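Participant: my questions concern the predicted model and sequence given below.
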Amino acid sequence: MTASFFQFSLDGLKNYLVQHGCNADQARLLFNWHYKKNKVTPCEINGLSTKTKEVVNSYLNFNLPLIDQIQTSEDRTVKFLFSFQDGKKVETVIIPFNQKYTVCLSSQVGCAMNCSFCYTGTQGLTRSLKTEEIIGQFLAAQTWLTLNRPHDNRILNVVFMGQGEPLHNFDNVKTAVEILISQHGLSLADHKITISTSGYLPGLLRWKDEMPSVNIALSLHSPVDEKRSQLIPINKKYPLKDVIPLIEQFPQGKKRFVTYEYLLIHDFNDSEEDALQTAQLLVGTKAFMNLIPFNPFPGTKWKRPSTERIQKFFEIIESFKIPVTIRTTKGDKILAACGQLNSL
Ligand code: SAH
Ligand code: SF4
């Protein structure tokens, strides 16, 4: 049995090499080769010792998830169904913007949080993804783009908004982030990476000391605990009064903010009163609001509000000078929009 190369942060790989009798410096050469040059075999790396080559060839593999299905939509969004070695599957979406892409990564097969508005939530949790399976989604999507859209193939943004609660898989998500931002790894800017959470407090408590300085997004969906708990059951255990003050400490630097995602559901949380209460909760904080009109999926009882209601909600938030956007729904015809991912 070989181990995956893509499970290691740079430091992790250094330790692994040292344990196998190689020089720690060789890790940087391997990282540069595999992530920057996107090569599979290590044979041609200048400066790589025979011993390291031997260790790599005998003990490591560079397997990527397999593409089980691909769906593309008119707006050039692509949804991949990837399958891993044990046959488990997740969905990953790449969303185009200005000749570049945002990749929406999954962190778990299914999700344990059981939110009532989320297609993934209806699946339950099968298992968390390993670091190499998270990085594997990025690399496999990148490889597909290079082959199929060679003239606009750059993935510049990463959002952990696919299947799963990323902070419920803290260690593996953290290592994946380290690889994404490593200057010898995938070299993404830390402010181009966003981790979205339903407010899973055990992960948030570790964030400040352990997570690199990437962006955080909180799925708010209602400022009222009683309503929020109907949408996000873990709110009963981890209410907003514990979550928000903690999250507000994260953004570093003047330009950093917390994204508050607000799912707008017809006749549930889309009234003017809801908008006012939300604005009162967030005014004066580092909030940037993202309004997400509910995306329907088979079997759901919730509905999307009318365009007028969405617009009214937007205007109320804006009148408090809170920066706010309405998320345009890309890829919803192929069920690739937020909350529409389900891989069973
Ligand atoms: N588990 C994390 C990240 C994945 S969900 C979280 O909950 O934040 C990513 C975003 O999609 C969240 O804001 C989530 O609330 C939203 N979402 C889930 N189901 C949705 C649906 N049916 N329509 C629109 N957005 C949805
Ligand atoms: Fe899990 Fe997020 Fe879906 Fe809730 S919204 S069930 S936390 S993926």
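Facilitator: Everything's here; your move. Numbers count the residues shown, from 1 in each chain. Ligands and ions are numbered 1, 2, ... in the order given.
Participant: show me which residues of the stretch 151-300 of the chain are close to ligand 2?
Facilitator: Residues of the stretch 151-300 of the chain lying near ligand 2 by CB under 6 Å from any ligand atom: 163-165, 198. (Glycine included, C-beta is placed from N, CA and C.)
Participant: backbone phi and psi for the residue positioned nearest the centre of the chain, please?
Facilitator: Nearest to the mean C-alpha position of the chain, by CA atoms, centre = their mean, lies residue 160 at 0.7 Å. Here is the backbone geometry of residue 160 (degrees, to the nearest 10): phi -90, psi 80.
Participant: when you give positions from now on, start the count at 829
Facilitator: Fine by me, first position is 829 from now on; the one you just mentioned is residue 988.
Participant: surely it touches residue 930?
Facilitator: No: judged on CB atoms under 8 Å, residue 988 makes no contact with residue 930 at a distance of 11.4 Å.
Participant: helix/strand/coil for residue 1041?
Facilitator: Three-state call for residue 1041 (DSSP: H, G, I helix; E, B strand; the rest coil): coil.
Participant: what does residue 896 give?
Facilitator: strand.
Participant: ok so, going back, which neighbours do residue 988 and residue 930 have in common?
Facilitator: Counting by CB atoms under 8 Å, 6 or more residues apart in numbering, residue 988 and residue 930 have no contacts in common.
Participant: before we move on, back to that, contact partners for the residue nearest to the centre of the chain?
Facilitator: 932-933, 935, 994, 1001, 1021-1024.
Participant: which stretches of the stretch 929-1078 of the chain form strands?
Facilitator: With DSSP state E, counting those that start in this stretch as the criterion, the stretch 929-1078 of the chain has strands at 936-938, 953-956, 982-988, 1021-1025, 1043-1047.
Participant: and the longest one, which residues are buried?
Facilitator: By neighbour count, with 16 or more other CB atoms under 10 Å as the criterion, the buried positions of strand 982-988 are 983, 985-988.
Participant: ok, that strand: who's next to it in the sheet?
Facilitator: strand 928-932 (parallel), strand 1021-1025 (parallel) (DSSP bridges).
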